[in-house]
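[1] Turn this into a structure:
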Amino acid sequence: MKYGDLTVTKLSKLSGVKPWIVKRELDFLSKSGYIDLIEGGRSTIVKLNYSNQKVIILMNLLQEIEEL
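    I've put the predicted structure just below:
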């Protein structure tokens, strides 16, 4: 992934979306098994769940697109 693990704040800044909206969507993705949210003090780290087959397929697709 281009940016690796991100905090909710960093993801919000990169996307231009308000942090509470980002957090709401990340909670959905976490419950669906696509990402892991790691609570740590004042920040939450977002990590892709590479054990999820759909995440692996999506990462492979994005890599192929970059190679075009």
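[2] C-alpha from now on. contacts and neighbour counts both.
    Fine.
[3] contacting residues for the closest residue in space to residue 49 that isn't next to it in sequence?
    For residue 49, ignoring the flanking residues on the chain, the nearest one in space by CA to CA, 6 or more residues apart in numbering is residue 35 at 4.7 Å. Counting by CA atoms under 8 Å, 6 or more residues apart in numbering, residue 35 touches 26, 29, 46-49.
[4] Got the phi and psi for residue 35?
    phi -140, psi 160 (degrees, to the nearest 10).
[5] Residue 13 now?
    The phi/psi pair for residue 13 (degrees, to the nearest 10) reads phi -70, psi -40.
[6] Pull the contacting residues for it.
    By CA under 8 Å, 6+ apart, residue 13 has no neighbours at all.
[7] Report the separation between it and residue 7.
    Going from residue 13 to residue 7 by CA to CA, to the nearest Å gives 10 Å.
[8] How about residue 23?
    Note on residue 23: its distance to residue 7, by CA to CA, is 10 Å.
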